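In: Quick one: sequence and predicted model below, then my questions.
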Amino acid sequence: MQQGDALPTIEKTISQIQIERYADAAGDHNPIHLDSAFATGAEFGGATLDGTIAHGMMILASISEMLTVAFTEDWLKNGKLKVRFRGPVYPGETITAYGSVKKVEETDGQSELTCGVGVRKDNGEIAISGDATVRISSGE
């Protein structure tokens, strides 16, 4: 890959059932994710919620999935993420994980790629943004 290359996108529509399953798997049963009445009265980032929100780590997983598709085992072996959570994702919203190569540095027969990555909601709002780095063999 070269600077400017786009990464494959991953698109998903988030459902309350997925949020509940993630809560069980992660052991995170915070009512902001599971109880619509509670969540509607809570505040998040200065805005009043209208229902539950997805776990941030559940949404972040779509970026890791995208990077696994793009870089296969190299991502799994040595990938690093630095992200910022920017806004909530609600059930029923469609998200798209996206990214592109920002920088390529060659060292010791490997390329270290720095990619700008993020998750965008279907209304255009950014839910997560940040950078990923991964080392790959220069021959790939």
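Out: Ah, there it is.

In: C-alpha from now on. contacts and neighbour counts both.
Out: Fine.

In: Tell me which stretches of this structure form helices.
Out: Listed in chain order, the helices of the chain (DSSP state H) span 16-26, 31-34, 36-41, 56-78.

In: Could you check how far stretch 106-126 is from the centre of its chain?
Out: 11 Å (C-alpha atoms, centre = their mean, to the nearest Å).

In: and what of stretch 93-109?
Out: With C-alpha atoms, centre = their mean, you get 13 Å for stretch 93-109.

In: So which residues lie in contact with that stretch, not counting its own?
Out: 1-15, 62-63, 66, 111-122, 137-138 (C-alpha atoms under 8 Å, 6 or more residues apart in numbering).

In: try 7 Å this time
Out: Outside stretch 93-109, the residues that touch it by C-alpha atoms under 7 Å, 6 or more residues apart in numbering are 2-14, 62-63, 66, 111-122, 137-138.

In: Buried among those? Make that a PyMOL selection.
Out: Filtering the contacts of stretch 93-109 down to the buried ones (16 or more other C-alpha atoms under 10 Å) takes a single PyMOL command:
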select buried, resi 6+7+8+9+10+11+14+62+63+66+111+112+113+114+115+116+117+118+119+120+121
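
In: Strands - which of the contacts of stretch 93-109 land there?
Out: 10-13, 111-121, 137 (DSSP state E).

In: Since that was my last question, I'll sign off now.
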